[in-house]
Every structure is written in structure tokens, then in C-alpha cells.
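[1] model the following, please.
(chains A, B, C and D)
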2 protein chains.
Amino acid sequence: MNTASDRAYAEIRSLILSGDASPGTALREEALADIVGVSRTPVREALKRLEAEHYAIRTPGGRLVVAALDVDDITEIFTLRAMLEGHAAARAARRLGAAALADLRASNAALTDAVARDEPDVAQFLARNRAFHDVIIAAAASPRLVSMLASLVEQPIVRRTAIHYARADLERSAHEHDLLIQAFAARDPEWARSVMAAHIHRALHAFRAAMPSAQP
Amino acid sequence: MNTASDRAYAEIRSLILSGDASPGTALREEALADIVGVSRTPVREALKRLEAEHYAIRTPGGRLVVAALDVDDITEIFTLRAMLEGHAAARAARRLGAAALADLRASNAALTDAVARDEPDVAQFLARNRAFHDVIIAAAASPRLVSMLASLVEQPIVRRTAIHYARADLERSAHEHDLLIQAFAARDPEWARSVMAAHIHRALHAFRAAMPSAQP
DNA sequence: CACGCCGCTCTTGTATACAAATTATCAGGC
DNA sequence: GCCTGATAATTTGTATACAAGAGCGGCGTG
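    Residues are numbered from 1 along each chain as shown, chains lettered A, B, ... in the order given. All right, here's what the predicted structure looks like:
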């Protein structure tokens, strides 16, 4: 969107995701308003949304601070994603059209390409991965599922940790995407669901292996 | 909360839930501000939240109208609830303490009582049912799960349709709650999950049988 | 008579001003 | 020296004022 409220949301969230505003940092409305270049009103709306999405937590006195994600939080996020996105995949298997299927193939071809280079292009990988998953979620045609996943998918974890992924993990992702495409082509909901769930659970463990006990 | 924003939220939502503001009705900020007796600012925050929870949808031009729930929406809500609340039950099975278990028994005793009367006390049934489910969700100790379910559980459907439930359905609910308590007492996550999922799926079908093709 | 254009009104989006509440500061006493 | 309490300074919550844009109606024209 082009509204000041949405710009504030995007900018503040990116402060959090980039680590520029580390966990525990106070999110003061006026200071953020100065940073974004808008008034407090749209900043307040952005903060309410970030709070609802668990990017920030409110202190007893009503102040907001950037939320800290411990290992339990990350496990929770991935577990819910596995369940919900598995469900999305199952629904998508019944609904995906030829065009969307072609999109998936294209996304994953580009993703595979990004991984195959001498130095894997992580940014490209993430963008294509995101596009791939978004096609599936959209195909599920379930508005509540979309908004629930929106607050889980676009998470710090992904961009923070993909850097630490070994090439083997990236390749595995590409391969699992291929399996998903097969399940979709076969229009088999339960196959798609289990491949997706396995895909996300594996990502969780790859993450935990890479970052045993950090608190991003 | 005691804040004007929360009062506005509660009041506007109850307008929607009661059917006083029927689907398609425009939600104009100033009119609602007059009704609630606050200014537009807290009303705006309330409306943003209601929009995020799918109680209202935004027209291309930025206006808000009360959302219409068709049968697909209701099926979606119950399906997601079955999945998420099943997950909550599984987690709760590992975590529920003796006190919480006693709470569940007490809630369900009262619920059973409300059903057993000559004229079943539906309001009492709903209150106790809600309390029962809330204990389980809280015991799951998963903040994201809590907020996801919050936007699904407190739904029009429950209070609108329970009135049409036959006594047999209410009794079945009470019985299924007993089964859940057994699963919790046995600390068996998968038993609890499947009983909860079955419980909610049955509720969906009881609903669909009672209201074949309405658009509340 | 139908269609499209223009202008007005109404509604939302943003900024600012004010009130209430919370936290920090500092003085005093134990 | 440390805790306690009052007071001052931030910070959030709410109200209002202003600006921009959407929708509506009336008018003219083909």
C-alpha cells in the first residue's frame, strides 16, 4: 500500500527483522514517527499490528518492546507452519490450475538455479522460495488461513538463518519442492500435505542444528 | 481492558455478533464513534482489529462493511478450529496440572447440569463450554496458537446456532468433554487431539444440519 | 432515453493538541 | 548506604482539526 500506516509498518518491521532493533528495545511512538517521517497516528496503527503478530510485546505499563524469540518460540512457529501450510497444500492439491502449477515449476527452477551456482545466491533462493510457498497458500483459497500464515511465514528466522544453511539443505529444499509439484500434479491432497509438513519440519531441524541456542 | 479502544471493539463486535449490524452494513467511523461515545481514533483501532479478524471486509475504496459468512466460511472456521484446537489439546495433555484438570471437571459438570434441565439452559451451556475450551487452550501454552484461536472461537456461529441444537447434540458435547478429560487424565496427546478434532467436526455437522443454507 | 462528465458531499487518512498514566529522578529518613 | 516517597518528565491514550480521495447526483449531450 501507499498509505503512511503501511509504510510505517513495513519500515518498523524491517527494523526488527534486520536486527537493527534488537529484542528488548523499546518501541516509542514518537521516536519511530521521526524515523519513518510520519506522525504518531500511523505509527500507532503499525505498532498495534506488529503487536498482534507477536513481533513486539507490551509491558504491564503499556509500553512496547521488541519481542525475543527463544528456541521454544521458533519451534512453535515452525510447528504451526507445518500444520497450517500442510493444510494449505492439501487444499491446493485440489484447486491448483495449470497456470499455477507452471508458476511453481518456474519458481523452483529459478530456485534450483540459485542454489547450483558456485556461491549459492541466498537472496534469490529466499525470494523464489517465498514465491513458491505463496502460490500454494493463495491456491488454498482460505482467507483465514492466509492471514494466519502471513504472521508466521515472513519471520526473522528465515532470512537470518538461511545464511547458515549448508548447500545440502538448500538442495534438499529444492528437491522437496519437486516432490510437492509431483503431489500437486497427481492431485493428491494427503501426499501434498505430508510432503509440505515434512519440508517445514526438516527446515526447523536444519535451523536448530545451525543455531543451537541463540536468541535472535 | 478499560481503554476506549477496547470498549469500542467489544461494542462494535457485539453489534455484528448480535446481528444488529447485518452483513453488508457499512461501518462508518463517525457513526460508530457516536454510538460508542468515543472519538474516531479508538473506533479506528477497533475497526482495524475487526478487519484483521475477518468480521468486516474492506471495499476497494477503503470502506468497511460487515462480512457475510457463507457455508464455506463456516466450514473453513470449523476445520481450522478442529486442527488448531486439536493441536492445543495434544499440547495440553502433556501440560495440564491437577488444578486445571479439576477446573475442566467442574466446568463440564456445570455444563452437563445446564443440559439436563427440563428446558436446557443454553446460555449457561455456552458459558461453560467456552470456559472448558479456554482452559485447554491456555494449558497449551502457545501464544500464537492462543491468538489464532481467539479469532476463530468467539464466533457468531456458536451463539447463533446453539439455540437450534437439539438436546441430543448438547448431551453429545458433554459426553465428548468427558472423553477429553479421560484423555487428559491419561496424558495421551494423540487421544486428546483426535477427540477434540472429532468434537469440533461433529459440531460443524450439527450446525450444517440445523442451518442448511443460511448466511448469518 | 442512455451515457458520460463535472462538481459536491461524505468518508477515510493523517497530523496535531491535550489528558492521563507511568516511569524516572531526587530528596529525605531509617 | 539503601529504601521510601513525592515530584517531575516521558510516554501512551484520546480528541479534534485538516487534507485528500471516493462515491453520488445532477446536468448536459449524443
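[2] which residues of chain A score low on pLDDT?
    Within chain A, the ranges that satisfy pLDDT under 70 run A:1, A:155-164, A:211-216.
[3] ranges for the helices of it?
    Taking DSSP state H, the helices of chain A run over residues A:4-17, A:29-36, A:40-52, A:71-95, A:98-116, A:122-140, A:143-153, A:156-161, A:167-185, A:189-210.
[4] go through the third one and flag the buried ones.
    I take that to be helix A:40-52. A:Pro42, A:Val43, A:Arg44, A:Glu45, A:Ala46, A:Leu47, A:Lys48, A:Arg49, A:Leu50, A:Ala52 (16 or more other C-beta atoms under 10 Å in any protein chain shown). Yep, even glycine has a C-beta here, placed from its N, CA and C like the rest.
[5] alpha carbons only: can I get that helix in CSV?
    C-alpha atoms of helix A:40-52 as CSV (Å, rounded to 0.1, in the frame of the first residue of the first chain):
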residue,chain,number,x,y,z
ARG,A,40,2.3,9.2,15.6
THR,A,41,-1.1,8.1,14.3
PRO,A,42,0.0,5.8,11.5
VAL,A,43,2.9,4.6,13.7
ARG,A,44,0.4,3.6,16.4
GLU,A,45,-1.6,1.5,13.8
ALA,A,46,1.6,-0.1,12.7
LEU,A,47,2.6,-1.0,16.2
LYS,A,48,-0.8,-2.4,17.0
ARG,A,49,-0.4,-4.7,14.1
LEU,A,50,3.1,-5.7,15.0
GLU,A,51,2.0,-6.5,18.5
ALA,A,52,-0.9,-8.6,17.2
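[6] against which helices or strands is that helix packed?
    helix A:4-17, helix A:29-36, strand A:56-58, strand A:64-66, helix B:40-52 (3 or more C-beta pairs under 8 Å, 6 or more residues apart in numbering or on different chains; DSSP states H and E).
[7] out of those, flag the one nearest DNA strand C.
    helix A:4-17 (3.1 Å; C-beta to the nearest atom of the strand).
[8] now check the closest one, is it near DNA strand D?
    No. Judged by C-beta under 7 Å from any atom of the strand, helix A:4-17 and DNA strand D are separated, with a smallest distance of 11.0 Å.
[9] is DNA strand C contacted by that helix?
    Yes. Helix A:4-17 lies within reach of DNA strand C by C-beta under 7 Å from any atom of the strand, at A:Ala4, A:Ser5.
[10] near chain B at all, that helix?
    No. If you take C-beta under 8 Å from any C-beta of the partner chain as the test, helix A:4-17 misses chain B, and the best it gets is 8.9 Å.
[11] now what about that helix, what contacts it?
    Helix A:4-17 has contacts (C-beta atoms under 8 Å, 6 or more residues apart in numbering or on different chains) with A:1, A:20-21, A:27, A:32-33, A:35-36, A:38-39, A:41-43, A:45-47, A:49-50, A:55-56, A:66, A:156, A:159.
[12] and that helix, how far out from the chain's middle?
    16 Å (C-alpha atoms, centre = their mean, to the nearest Å).
[13] what does stretch A:114-127 give?
    The answer for stretch A:114-127 is 17 Å, by C-alpha atoms, centre = their mean.
[14] what do you get for stretch A:13-26?
    16 Å.
[15] from A:Leu126, how far off is A:Ala210?
    15 Å (C-beta to C-beta, to the nearest Å).
[16] meant to ask about A:Ala98
    From A:Ala98 to A:Leu126 the distance is 27 Å (C-beta to C-beta).
[17] what of A:Ala8?
    For A:Ala8, the distance to A:Leu126 equals 24 Å [C-beta to C-beta].
[18] neighbour count winner among the two?
    A:Ala8 (27 against 16; other C-beta atoms under 10 Å in any protein chain shown).
[19] so the more buried one versus A:Gly61, what's the distance?
    Taken as C-beta to C-beta, the span from A:Ala8 to A:Gly61 is 23 Å.
[20] for A:His175, same thing?
    The spacing between A:His175 and A:Gly61, counted by C-beta to C-beta, is 50 Å.
[21] when those two are compared, which one has more neighbours?
    Using other C-beta under 10 Å as the criterion, A:His175 and A:Gly61 rank with A:His175 on top: 13 against 5.
[22] tell me who's in contact with the most centrally placed residue in chain A.
    Residue closest to the average C-alpha location in chain A (C-alpha atoms, centre = their mean): A:Val153, at 2.3 Å. Contact analysis of A:Val153 by C-beta under 8 Å, 6+ apart lists A:Arg81, A:Glu85, A:Arg130, A:His133, A:Ile137.
[23] ok, how many other residues are close to the closest residue to A:Ile181 other than its chain neighbours?
    Nearest residue to A:Ile181 in three dimensions, chain neighbours excluded: A:Leu104, at 5.5 Å (C-beta to C-beta, 6 or more residues apart in numbering or on different chains). For A:Leu104, the number of neighbouring residues by other C-beta under 10 Å comes to 24.
[24] any idea how far the closest residue to A:Thr3 other than its chain neighbours is from B:Glu176?
    Leaving aside its chain neighbours, A:Thr3 sits nearest to A:Pro42 (7.3 Å; criterion: C-beta to C-beta, 6+ apart). Going from A:Pro42 to B:Glu176 by C-beta to C-beta gives 47 Å.
[25] repeat for A:Ala186
    36 Å.
[26] one step back: which of the contacts of helix A:4-17 are close to DNA strand D?
    Okay, of these touching DNA strand D (C-beta under 7 Å from any atom of the strand), that's A:Leu27, A:Thr41.
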